[in-house]
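A.B. asks: Build me a model from this:
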Amino acid sequence: MITYLEKSRSPFYPGQPVPIELFIGRQKEIERIERALVQTKQGKMQVLFISGEYGIGKSSLANYSKFIAERNFNLLGIHVFLGNSNTIESVAQKTVETILREQIYNEKVLDKIKNFLSKYIGKQELFGFSINFEALKNDLYDISRGFLPFLKNLYNRVKEDNISGILLIFDEINGIAKNPEFAHFIKTLVDENATSSNILPLTLILCGTEERRKELVERHQPIERIFDIIDIKNMNENEMKEFFIKAFNSVEIKVDEKALKLICDYSSGLPKIMHIIGDNIYWIDQDKFVDFKDAIEGILSAAEEIGRRFVDVQVLKAIHSEDYKSILSKIVQKQKKSFSKKEIEENLSSREKEKLHNFLQRMKKLNAIRSLERGYYEFINPMIPLYLYLTNIKKK
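C.D. replies: Purely as a prediction, here's the structure:
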């Protein structure tokens, strides 16, 4: 029996972009991104929007894009996680911080970037340096209002060292997308560069759900036409199998074929769920061979983790009602993201039918579901039906 202390590093990364060596599939999407990178290397600007549901792997694709941009096209890659940013100044701050923290292996390029941003570098520390936030905050207004000149200045410092352009990724835009200024900020950046006599070779990528893209368009309609949209779909079974085999093999673990199929079935093609299930199975396995029992235990253990991570506390509280639980269990039986009221009513008791309208209104108020065409609904977060489905399986 293998103890936790004897385990090597888990090959799964719940909640993090997947490492380059474990990146699988997305070939069509990569080809479209490479097409843009080719154009940028030739001196043009390209603007992409990587769109997809929560947990679908947008950040992992963006991270892989940065890798190939640097390796194959000699671009300077900047992957900015905006997180809780909600102002243009905070976008500028995150960008500068990211540039300073990026792992750049070309020493000449690194030295020139540090020299360019030297006033924002604080004290030398054991594992690098601190950032002089006071100096940075004093300049944020000027940087955010002159963002294109800032990027051009950065590029001019490094272009002589075989740097052909810049790949700039704005990831985790949920917070900033609500700010009307952000849509104008992006459109202005694109328009100013397009009309410049000295165009900055730039590929700009935004990562977000389709709802966030529509939100940007609502804030500033002209932004709609600037994006080449790359819509990521759920991974297919072959891609999932390839990923799990590669991940487990990297730590010398073999997987039974029946167990592998079960793992893929319950992962639903969502990379975030694949990593959570895989990680739970990794810690459960005791003999470096994942069998059907290991898979079952790992999937059931993952259900609790999915609930904690991705299902809103208010939604969990709302479904504690026995009637609501029963209604939900019938909605999620087929693991569908969308459903019709008529289809659900056919399987409900008379008591549940009476409560269905209130249930749907409650779920809408909690932003768990939204109305589609007449009588149809869908879960806003695909993790919710998956969590409920796995929870029902666990009870059975």
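A.B. asks: Which helix or which strand is home to Leu79?
C.D. replies: Careful, residue 79 is His and not Leu. Per DSSP states H and E: His79 is located in strand 75-81.
A.B. asks: So what's the gap between that strand and the chain middle?
C.D. replies: Remark: strand 75-81 is offset 15 Å from the chain centroid, using C-alpha atoms, centre = their mean, to the nearest Å.
A.B. asks: Same question for stretch 353-364.
C.D. replies: 31 Å.
A.B. asks: what residues does the longest helix anywhere in the chain touch?
C.D. replies: When the chain is parsed with DSSP state H, its longest helix is helix 292-310. Contact partners of helix 292-310, identified using C-beta atoms under 8 Å, 6 or more residues apart in numbering, comprise 14-15, 54-55, 256, 258-260, 262-263, 266, 273, 276-282, 284-285, 316, 381, 383-384, 386-387, 390-391, 393-394. No exception for glycine: its C-beta is placed from N, CA and C like everyone else's.
A.B. asks: after it, next one along is what?
C.D. replies: helix 313-318.
A.B. asks: Backbone dihedrals for Leu204, please?
C.D. replies: Main-chain dihedrals, Leu204, degrees, to the nearest 10: phi -110, psi 130.
A.B. asks: Would you enumerate the residues in contact with it?
C.D. replies: 45-48, 168, 170, 186, 189-190.
A.B. asks: Quick check: buried residues in the longest helix of the chain?
C.D. replies: 294-296, 298-303, 305-307, 310 (16 or more other C-beta atoms under 10 Å).
A.B. asks: Repeat that for stretch 14-21.
C.D. replies: For stretch 14-21, the neighbour count (16+ other C-beta under 10 Å) marks 14, 17-18 as buried.
A.B. asks: What distance do you get for Leu260 to Ala302?
C.D. replies: Noted for Leu260: a distance of 15 Å to Ala302, by C-beta to C-beta, to the nearest Å.
A.B. asks: swap in Leu75?
C.D. replies: 37 Å.
A.B. asks: Same question for Leu202.
C.D. replies: 40 Å.
A.B. asks: what does Lys341 give?
C.D. replies: Going from Lys341 to Ala302 by C-beta to C-beta gives 30 Å.
A.B. asks: What ranges does the stretch 251-396 of the chain have for its strands?
C.D. replies: 254-255, 289-290, 338-340, 369-371, 376-379 (DSSP state E, counting those that start in this stretch).
A.B. asks: Same list, the ones you listed, but as TSV with mean neighbour count please.
C.D. replies: Converted to TSV, the strands of the stretch 251-396 of the chain look like this (neighbours: other C-beta atoms under 10 Å):
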stretch	mean neighbour count
strand 254-255	19
strand 289-290	18
strand 338-340	16
strand 369-371	17
strand 376-379	17
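A.B. asks: Can you check which of these gets nearest to Gly146?
C.D. replies: strand 369-371 (39.3 Å; C-beta to C-beta).
A.B. asks: Identify the residues contacting that closest one?
C.D. replies: By C-beta under 8 Å, 6+ apart, strand 369-371 touches 360, 363-364, 377-380.
A.B. asks: And those residues, which is closest to Arg219?
C.D. replies: Set against Arg219, the nearest of the contacts of strand 369-371 by C-beta to C-beta is Ile380 (19.7 Å).
A.B. asks: is it true that the closest one touches Leu366?
C.D. replies: No - counting by C-beta atoms under 8 Å, Ile380 stays clear of Leu366, with 9.6 Å between them.
A.B. asks: List only buried entries from the contacts of helix 292-310.
C.D. replies: Buried, going by 16+ other C-beta under 10 Å: 14, 54-55, 256, 259-260, 262-263, 266, 273, 276-282, 284-285, 381, 383-384, 386-387, 390-391, out of the contacts of helix 292-310.
A.B. asks: Just those: which are in helices?
C.D. replies: Per DSSP H, the buried ones among the contacts of helix 292-310 map to helices at 259-260, 262-263, 266, 273, 276-282, 284, 383-384, 386-387, 390-391.
A.B. asks: low-scoring stretches of the stretch 51-200 of the chain, by residue?
C.D. replies: 125-128 (pLDDT under 70).
A.B. asks: switch the cut-off to 80
C.D. replies: Applying pLDDT under 80 to the stretch 51-200 of the chain picks out residues 103-106, 123-129.
A.B. asks: how about stretch 132-142 as PDB, C-alpha atoms only?
C.D. replies: Provided in PDB are the C-alpha atoms of stretch 132-142 (Å, rounded to 0.1, in the frame of the first residue of the first chain):
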ATOM      1  CA  ASN A 132       7.400  49.300  -5.700                       C
ATOM      2  CA  PHE A 133       3.700  49.800  -5.600                       C
ATOM      3  CA  GLU A 134       3.900  53.400  -4.500                       C
ATOM      4  CA  ALA A 135       5.800  54.400  -7.600                       C
ATOM      5  CA  LEU A 136       3.600  52.200  -9.800                       C
ATOM      6  CA  LYS A 137       0.300  53.700  -8.400                       C
ATOM      7  CA  ASN A 138       1.600  57.200  -9.100                       C
ATOM      8  CA  ASP A 139       1.900  56.400 -12.800                       C
ATOM      9  CA  LEU A 140      -1.200  54.200 -13.300                       C
ATOM     10  CA  TYR A 141      -3.400  57.000 -14.700                       C
ATOM     11  CA  ASP A 142      -0.800  57.900 -17.300                       C
END
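A.B. asks: what's that stretch in contact with?
C.D. replies: With contacts defined as C-beta under 8 Å, 6+ apart, stretch 132-142 is touched by 89-90, 92-93, 96-97, 119-122.
A.B. asks: Done for today, thanks.
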